[in-house]
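Trainee: this one's structure only:
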């Protein structure tokens, strides 16, 4: 169905009663987007196109298993498969509404080598509370960190299962992977701690969103992000901020620490083992040269 018509149906508040399909072009490839009672609608108007260029660059270095912690409704999955159809994808997602949609998205597009684990990752195995800040069943800003957004109202809560990664890794025989993406709305510290043995062993390239520490009032956020950087430096990683302009990937900028800032456009990072650092920088330089030559 035409995206304009779907947008009108959404405006008329009819979409939540319908199961329909649309399509979009990603990386010059057409992908099908199921919209199931409004779930999946956001995929029709895909944000963060810069991620495709980051994935292209990263997959030139590492094209083994891709682990996605915080899969949501498949925003990264769609971009990844537009770059490499054959790459193995393992997505972790604790929100049951998102899990149901992800399975439909995979089936609709006949994606291969995809595994969805219906659980979150933490440094302990437990039942946690996922706090939703919007009425959306798949709210991508939902967080299991208490008081992560103290100025925003919690619309509802949902209980979710979280596991230590080692427990799941053994169960699914995930002994090696090349790229680890973490987008967990404040729970990055718990995920990094949980993945520590596997990061030490596999040395994956890590793509991570770390939301800003807006002011000195967010003491806990600052302490947590400092500990993340300390852990990665201990593992002999370098940290690069993804520099973007108008949603276009511009460059990588190395940082030794994440400063206090309020720029929501400066929250994405590429973390690379130091023995792969020069290779990453070479591919980035080549990308920039090609861009200049094309212009």
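Mentor: Perfect, thanks for sending it. Small disclaimer: the values here were computed from a predicted structure and weren't measured. Residues are numbered from 1 along each chain as shown.
Trainee: what residue ranges in the stretch 51-200 of the chain score low on pLDDT?
Mentor: Of all residues in the stretch 51-200 of the chain, none has pLDDT under 70.
Trainee: all helices in it, in order from the N-terminus.
Mentor: Under the criterion DSSP state H, counting those that start in this stretch, the stretch 51-200 of the chain contains helices at 75-83, 96-109, 165-172, 188-202.
Trainee: How about residues contacting the third one?
Mentor: This points to helix 165-172. If you take CB atoms under 8 Å, 6 or more residues apart in numbering as the criterion, helix 165-172 is touched by 90, 92, 115, 117, 119, 121, 125, 174-175, 191, 194-195, 197-198. The C-beta positions use only the backbone N, C-alpha and C, and glycine is treated the same way.
Trainee: What are the buried residues along it?
Mentor: Within helix 165-172, the residues that count as buried by 16 or more other CB atoms under 10 Å are 165, 168-169.
Trainee: Can you check which helix is longest in the chain?
Mentor: If you go by DSSP state H, the chain has its longest helix at helix 274-294.
Trainee: Excluding sequence neighbours, find me the nearest residue to the residue nearest the centre of the chain.
Mentor: Centroid check for the chain by CA atoms, centre = their mean gives residue 183 as the closest residue, at 4.1 Å. Spatial nearest neighbour of residue 183, excluding adjacent residues (CB to CB, 6 or more residues apart in numbering): residue 70 at 4.1 Å.
Trainee: Could you report the distance from residue 235 to residue 223?
Mentor: Using CB to CB, to the nearest Å, we find residue 235 at a distance of 19 Å from residue 223.
Trainee: ok, residue 207 - contacts?
Mentor: Residue 207 neighbours (CB under 8 Å, 6+ apart): 54, 58, 179-182, 268-271.
Trainee: Tell me the one among these nearest to residue 281.
Mentor: Distance to residue 281 across the contacts of residue 207 (CB to CB) is lowest for residue 270, with 10.7 Å.
Trainee: what residues are up against the nearest residue to that closest one once chain neighbours are set aside?
Mentor: Closest residue in space to residue 270, ignoring its immediate chain neighbours: residue 240 at 4.6 Å, by CB to CB, 6+ apart. Residue 240 makes contact with 252-255, 269-272, 280, according to CB under 8 Å, 6+ apart.
Trainee: For the residues you listed, pick the one with the most neighbours.
Mentor: When these are compared by neighbour count (other CB atoms under 10 Å), residue 272 ends up highest, at 26 neighbours.
Trainee: Just put the helices of the stretch 51-200 of the chain in JSON lines and tack on distance to residue 8.
Mentor: Below are the helices of the stretch 51-200 of the chain laid out as JSON lines (distance: least, CB to CB, whole Å):
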{"stretch": "helix 75-83", "distance to residue 8": "23"}
{"stretch": "helix 96-109", "distance to residue 8": "22"}
{"stretch": "helix 165-172", "distance to residue 8": "42"}
{"stretch": "helix 188-202", "distance to residue 8": "38"}
